[in-house]
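Enquirer: Give me a model of this one.
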Amino acid sequence: MSKQLLTVDGLQYSHWSREIFQQMREGGVDAVHATLVYHETTRETLSRMGEWNRRFEQHDDLIMPVLVPGDILRAQEAGKVGIFLGAQNCSPIEDDIDMVAVMRRLGLLIMQLTYNNQSLLACGCYENEDSGITRFGRQVIREMNRVGMVIDMSHSAERSTLQAIELSERPVIISHANPSFFHEAKRNKSNRVLSAIAESGGLLGFSAYPFHLKDGPDCTLEAYCEMIARTVDLMGIEHVGLGTDLCQEQPVAVLEWMRNGRWSKEMDYGEGSASNAGWPRPLAWLRDSRDFPQLIDGLRKHGFAEVDVERIMGRNWVALLERATTPSG
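Expert: I've put the predicted structure just below:
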């Protein structure tokens, strides 16, 4: 078993339970960016926050909220998993810019401007035409910068992503995706986008979701680490981390909600297809959070220096949150 490092997973959306929290601790995970909502309205988002408050109360021996970056280190010292909340869409603010500050004060640290589709703010990666950032989107980017809410472009189209980076005065992230050079997928990102993210002081969280990987569920740990190494050559070691996109114990109904929300009468299969409509088979070397030590060993065996392994596994995420989440006004 590897000596455990500070470990931060930049994206998970699991069927949260005490068992999963225990698995995180067994795997040495110190903090997780947990998806709060996909298509939920403001009122529904508040209910999801209420559910997390109950979890923090019921499992306070295992988990604690991360409201400021320093809480991650406090969680590590306490032997708990710090949870920082993010939205995979802009639906929590609906059409009300005042909701940005409200949600940030309630603990929403990260928000995507789109989830695959055109939103009120920007264009998603599944649209045929990339309209870029909207008038409302420009206002929201400015407000997110002000209150210290991180802009996440994981599910956004290329022009929208590049415009968001240009407009934002703070680092922009892609919390969970991979380079297109490794695997062509609508969700994966071009070298141009990755370079712009790095230049903004932002971060890419490498996804372990099989649809984002060469050879899908059969992608090897060696190939994954080689992808990381090539991306480091492009972006720099300080701009990469993990965003595994682990979705443990979730029923297919949740996958359908992610893909369809309320917007489609017909079944949309997202990155899957009618013949492959369910959750993909998990990677053999990352079945759940208990397997994080295998990834650490893989990075070491690939030749990463220990200081760089520490950055990839968690230090870069803490530094990003320090740069991007302190309110400026």
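Enquirer: When you work out contacts or count neighbours from here on, use the C-alpha atoms and nothing else.
Expert: Fine.
Enquirer: buried stuff in the worst-scoring helix or strand of the chain on mean pLDDT?
Expert: Least confident helix or strand of the chain, by mean pLDDT, DSSP states H and E, is helix 252-260 with a mean of 88. For helix 252-260, burial by neighbour count (16 or more other C-alpha atoms under 10 Å) applies to 255-256, 258-260.
Enquirer: Adding distance to Asp96, write the residues you listed out as TSV.
Expert: As requested, the buried residues of helix 252-260 are exported to TSV (distance: C-alpha to C-alpha, whole Å):
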residue	distance to Asp96
Leu255	28
Glu256	27
Met258	23
Arg259	24
Asn260	23
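Enquirer: Packing partners of the helix or strand following the least confident helix or strand of the chain?
Expert: Next in sequence after helix 252-260, counting helices and strands by DSSP states H and E, comes helix 292-302. Using 3 or more C-alpha pairs under 8 Å, 6 or more residues apart in numbering; DSSP states H and E, the elements in contact with helix 292-302 are helix 221-235, helix 306-310.
Enquirer: Determine how far stretch 298-305 lies from the middle of the whole chain.
Expert: Offset of stretch 298-305 from its chain centre (C-alpha atoms, centre = their mean, to the nearest Å): 23 Å.
Enquirer: typo on my end, it should be stretch 138-156
Expert: 14 Å.
Enquirer: how long is it end to end?
Expert: The stretch stretch 138-156 measures 15 Å between its terminal residues, going by C-alpha to C-alpha, to the nearest Å.
Enquirer: what's the answer for stretch 249-269, then?
Expert: Start and end residues of stretch 249-269 are separated by 19 Å (C-alpha to C-alpha).
Enquirer: now swap in stretch 74-89 and tell me
Expert: Using C-alpha to C-alpha, the end-to-end distance of stretch 74-89 comes out at 29 Å.
Enquirer: on that earlier part again, tell me which of the helices and strands packed on helix 292-302 lies nearest to Gly82.
Expert: For Gly82, the closest of these is helix 306-310, at 17.6 Å, according to C-alpha to C-alpha.
Enquirer: what is the mean pLDDT for the helix or strand just after that closest one?
Expert: If you walk from helix 306-310 toward the C-terminus, the next helix or strand you reach (DSSP H and E) is helix 316-324. For helix 316-324, mean pLDDT rounds to 98.
Enquirer: give me the beta-bridge partners of Ala34?
Expert: Gln12, Leu85 (DSSP bridges).
Enquirer: Trp285 is in contact with Gln294, correct?
Expert: Yes. The pair Gln294 and Trp285 passes the contact test of C-alpha atoms under 8 Å, sitting 6.7 Å apart.
Enquirer: which residues of the stretch 51-200 of the chain fall in helices?
Expert: All helices of the stretch 51-200 of the chain, identified by DSSP state H, counting those that start in this stretch, fall at 70-78, 98-105, 135-147, 158-167, 191-199.
Enquirer: Can you say which of those is packed in most?
Expert: When those are scored by mean count of other C-alpha atoms under 10 Å, the highest mean neighbour count falls to helix 158-167 (a mean of 21).
Enquirer: Report all helices and strands that it contacts.
Expert: In terms of contacts (3+ C-alpha pairs under 8 Å, 6+ apart), helix 158-167 is packed against helix 135-147, helix 191-199.
Enquirer: any idea of the mean pLDDT in stretch 188-202?
Expert: 98.
Enquirer: Between the two ends of that stretch, how far is it?
Expert: This stretch, stretch 188-202, spans 16 Å end to end (C-alpha to C-alpha).
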